[in-house]
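Undergrad: task: produce atomic coordinates for the following.
(2 chains)
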Amino acid sequence: MDRFFAQSVEFMPILLLGVKLTILVTIGSLAVSTVLGLIWALMRVSGIRVLAAISRTIVNVIRGIPIIVQLFYIYFVLPDFGITLTALQAAIIGLGIAYSAYQAENFRAGIEAIDHGQVEAAQSIGMGWSLMMRRVILPQAVRIVLPPYGNTMIMMLKDSSQASTITVAELALQGKLIASATFQNSTVFTLVALLYLTMSIPLILLVGWLEKRFGASQ
Amino acid sequence: MIELADVHKSFGSNHVIKGFSASVVKGEVVCIIGPSGSGKSTILRCINGLEQYDDGTIDIDGVRVDRRDRSIREIRTQVSMVFQRFNLFPHRTALENVTEGPIYVKREPREDAARRGRELLSRVGLADKEQAYPAALSGGQQQRVAIARALAMSPKAILFDEPTSSLDPELVGEVLGVMRSLAEDGMTMVVVTHEMGFAREVADRVLFLDQGLIAEEGPARELLTSPRNPRTQDFLKRVLHPM
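TA: Here you go, the predicted structure:
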């Protein structure tokens, strides 16, 4: 046990560098996936057939390709087309796109759960589509969407480790590097696991609170 | 003011409206009665473009109603609608429900809209409820807020789609009372209703709709007390004496 603590003190600064990148990737890709997901969802419910079809296709293509392959594609293939991104940029964009499909489905479900009477009431006072979305539908959909959104946040935190496959030195990769250099596998990966858990706990509590605040019982 | 000529509407193979023609003049109160499924609500929903009719014409003060055209928004601000199930915005207070249209659709200054909104709420007897959310209001109160919301658009006419059908019986009176006072103030109203008492007392004219056609129409008192068409007679007998 003493050795564990001694090694922890030694490894922690390096692992914390990884933590910083993990948080950066998570927050960045969360933002990208939220914006894109909202765009796909709004296209889907726009009532314009072409937009809905494009959105459905995008979502299905994204869902049908493993995240790791999407990351490889963005980081290793896009340069062939003259688009060169840093590993961090590629990770944020790649994870953001990959998760936008799930965000879109969540947002769409939330929007479609709103009673159609709300649409008619908005129309009957002369609202157009975008005003209705902004003032009537989305504010109500948020309440439905938030609890599953919290779960997505937790999943994204963990899936940010996939960025290690394109050389982003986030927590999982830092751990692997230390472990292969020192052979202290049990100490290193215990620390890595504890750090992920530490970051997840506030999110888990947040989800619990959101479900209580906005969940089905309300 | 509202002109309907030979309006047809089908849902799939179900021909709901089979050539509806009528006109409503300014200040007139017209009640549409008839058995369920006769197309009463559908015709009302066609007037402000919540449904697109298939054939015929509907004009509001000479402007053609076309759900697919941008002009429909302008028409809807002139012809408001009150729904059977109120359809208040649950995430906004009573006052916000009333001022939503004036502020965001008509772009009136907030203070003016709020002042007018308070006047309208007190007009429907809910001056003390302006900060209440719909969930905290009774059905009758919600429907009165909905009427205030419709009035806030300063419409030329208001369409009522069975406004008391989802209310507990003891709450019907307060809503009908507000509607009666609107009628007395000269508001043009088209009311789909099962409240024969209201139709007799308040309406100028009654249309009896049966199977997508006007089976009989006439002055309210006359049609409701001495209907000529056997189907009207039968319908009224069943509504007025359900046992």
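
Undergrad: which bits of chain A sit near chain B?
TA: Residues of chain A lying close to chain B (CB under 8 Å from any CB of the partner chain) are A:115, A:117-118, A:120-121, A:123-128, A:131, A:135-136, A:139-140. Backbone N, C-alpha and C define where each C-beta goes, glycine included.

Undergrad: quick one: residues contacting the spatially most central residue of chain B.
TA: Most central in chain B under CA atoms, centre = their mean is residue B:160, positioned 1.4 Å from the mean C-alpha point. For residue B:160, the contact set (CB atoms under 8 Å, 6 or more residues apart in numbering or on different chains) comprises B:44, B:81-82, B:179, B:189-193.

Undergrad: most neighbours among these, which one is it?
TA: Each of these was scored by neighbours using other CB atoms under 10 Å in any protein chain shown; the highest score is residue B:191's, at 28 neighbours.

Undergrad: right, and that residue touches residue B:179 too?
TA: Yes - Residue B:191 lies in contact with residue B:179 (CB atoms under 8 Å); the separation is 7.2 Å.

Undergrad: shared neighbours, the two?
TA: Shared contacts of residue B:191 and residue B:179 (CB under 8 Å, 6+ apart): B:160, B:163, B:198.

Undergrad: could you tell me whether residue B:80 really is in a helix?
TA: No - Residue B:80: not assigned to a helix; according to DSSP: H, G, I helix; E, B strand; the rest coil it is strand.

Undergrad: what residues are bridge-paired with it?
TA: Counting by DSSP bridges, residue B:80 is bridged to residue B:158.

Undergrad: contacting residues around residue 6?
TA: Let's take chain A. Residues in contact with residue A:6 (CB under 8 Å, 6+ apart): none are found.

Undergrad: right idea, wrong chain: chain B
TA: Neighbour list for residue B:6: B:19-21, B:55-57 [criterion: CB under 8 Å, 6+ apart].

Undergrad: now residue 211: phi and psi?
TA: Here I'm looking at chain A. phi -70, psi -40 (degrees, to the nearest 10).

Undergrad: can you look at chain B instead?
TA: phi 50, psi 40.

Undergrad: helices of chain A, start to end?
TA: For chain A, the helices defined by DSSP state H cover A:2-44, A:49-64, A:67-72, A:87-112, A:116-124, A:129-132, A:138-159, A:171-182, A:185-214.

Undergrad: of the ones you listed, which is nearest residue B:139?
TA: Closest approach to residue B:139 among these is made by helix A:116-124 (14.0 Å; CB to CB).

Undergrad: hmm, back to that, of the contacts of residue B:6, select the buried ones using a PyMOL command.
TA: Of the contacts of residue B:6, the buried ones go into a single PyMOL selection, burial set by 16 or more other CB atoms under 10 Å in any protein chain shown:
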select buried, chain B and resi 20+56
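
Undergrad: show me which of the contacts of residue B:6 is closest to residue B:74.
TA: The nearest one, if we look at those relative to residue B:74 and count by CB to CB, is residue B:57, at 17.6 Å.

Undergrad: related to what we said a few turns ago, Serialize the helices of chain A to TSV and add fields for mean pLDDT.
TA: Formatted as TSV, those follow (pLDDT from 0 to 100):
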stretch	mean pLDDT
helix A:2-44	91
helix A:49-64	95
helix A:67-72	94
helix A:87-112	94
helix A:116-124	94
helix A:129-132	93
helix A:138-159	90
helix A:171-182	90
helix A:185-214	88
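
Undergrad: columns distance to residue B:69 on top of those, output as JSON lines?
TA: Listed next are the helices of chain A as JSON lines, based on distance: least, CB to CB, whole Å:
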{"stretch": "helix A:2-44", "distance to residue B:69": "23"}
{"stretch": "helix A:49-64", "distance to residue B:69": "19"}
{"stretch": "helix A:67-72", "distance to residue B:69": "43"}
{"stretch": "helix A:87-112", "distance to residue B:69": "25"}
{"stretch": "helix A:116-124", "distance to residue B:69": "14"}
{"stretch": "helix A:129-132", "distance to residue B:69": "14"}
{"stretch": "helix A:138-159", "distance to residue B:69": "26"}
{"stretch": "helix A:171-182", "distance to residue B:69": "57"}
{"stretch": "helix A:185-214", "distance to residue B:69": "38"}
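
Undergrad: quick one, what contacts residue 29?
TA: Defaulting to chain A. Residue A:29 is in contact with A:91-96, A:99, A:156, A:160, counting by CB under 8 Å, 6+ apart.

Undergrad: was after chain B, sorry
TA: Here residue B:29 is in contact with B:183, B:187-189, B:191, B:202-205 (CB under 8 Å, 6+ apart).

Undergrad: if we can go back for a sec, out of the residues of chain A next to chain B, which are buried?
TA: A:118, A:120-121, A:123-127, A:131, A:135-136, A:140.

Undergrad: farthest pair in those?
TA: Farthest-apart pair in these is A:126 and A:140; separation 19.4 Å (CB to CB).

Undergrad: I'd say residue A:12 and residue A:191 touch.
TA: Yes - the criterion here is CB under 8 Å, and residue A:12 meets it with residue A:191 at 7.2 Å.

Undergrad: compare those two (neighbour count), which wins?
TA: Per other CB under 10 Å, whichever of residue A:12 and residue A:191 has more neighbours is residue A:191, with 21 against 13.

Undergrad: how about the strands of chain B, start to end?
TA: Per DSSP state E, chain B carries strands over the ranges B:2-11, B:14-24, B:29-33, B:55-60, B:63-64, B:79-82, B:157-161, B:188-192, B:205-210, B:213-219.

Undergrad: only alpha carbons, please: show the last one as PDB.
TA: Spelled out, it's strand B:213-219. Provided in PDB are the C-alpha atoms of strand B:213-219 (Å, rounded to 0.1, in the frame of the first residue of the first chain):
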ATOM      1  CA  LEU B 213     -73.300  19.200 -45.600                       C
ATOM      2  CA  ILE B 214     -75.400  22.000 -44.200                       C
ATOM      3  CA  ALA B 215     -78.600  20.200 -43.600                       C
ATOM      4  CA  GLU B 216     -80.400  23.200 -42.200                       C
ATOM      5  CA  GLU B 217     -79.600  26.800 -41.300                       C
ATOM      6  CA  GLY B 218     -81.500  29.700 -40.000                       C
ATOM      7  CA  PRO B 219     -82.000  32.200 -37.100                       C
END
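
Undergrad: mind listing what that strand pairs with, with the direction of each?
TA: Paired neighbours of strand B:213-219 in the sheet (DSSP bridges): strand B:205-210 (antiparallel).

Undergrad: much appreciated, bye for now.
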